[in-house]
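S.K.: I would like to see how this sequence folds:
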Amino acid sequence: MDNKPMVVVKDLGIRFNLAKERVDSLKEYFLKFTKGALHFEEFWALRNVNLEIEKGDFYGLVGING
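M.R.: Numbering: from 1, shown residues only. Reported below is the predicted structural model:
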């Protein structure tokens, strides 16, 4: 019988750039974007995640939005 995991994840990360200021319209966003005036803060939702999932195992990841 084969004892290898069905799924292997190594060093998984999910990074988001969160806007530091509020932009009220698409027009305002594009104007700031073209001028290089948009500033973002880096946010890591997941970082350096490692896991192995065996056949028949169930996993779930639930965040703030359910």
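S.K.: who does the spatially most central residue of the chain bridge with?
M.R.: In the chain, the C-alpha nearest the mean C-alpha coordinate belongs to residue 14, at 2.9 Å (CA atoms, centre = their mean). Judged by DSSP bridges, the bridge partners of residue 14 are residue 46.
S.K.: that one contacts residue 43, correct?
M.R.: No. Contact between residue 14 and residue 43 fails when scored by CB atoms under 8 Å: they sit 9.5 Å apart. C-beta coordinates here come from the backbone N, C-alpha and C atoms, glycine included.
S.K.: how about residue 7, what does it touch?
M.R.: With contacts defined as CB atoms under 8 Å, 6 or more residues apart in numbering, residue 7 is in contact with 51, 52, 53.
S.K.: can you list the residues you listed in a markdown table and add pLDDT, distance to residue 22 and neighbour count?
M.R.: Formatted as a markdown table, the contacts of residue 7 follow (pLDDT from 0 to 100; distance: CB to CB, whole Å; neighbours: other CB atoms under 10 Å):
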| residue | pLDDT | distance to residue 22 | neighbour count |
| --- | --- | --- | --- |
| 51 | 92 | 37 | 12 |
| 52 | 94 | 42 | 12 |
| 53 | 92 | 40 | 13 |
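S.K.: between those residues, which sits nearest residue 18?
M.R.: residue 51 (26.1 Å; CB to CB).
S.K.: so what's the residue count around the residue lying closest to that closest one once chain neighbours are set aside?
M.R.: Leaving aside its chain neighbours, residue 51 sits nearest to residue 9 (5.0 Å; criterion: CB to CB, 6 or more residues apart in numbering). Number of residues near residue 9 (other CB atoms under 10 Å) recorded here: 11.
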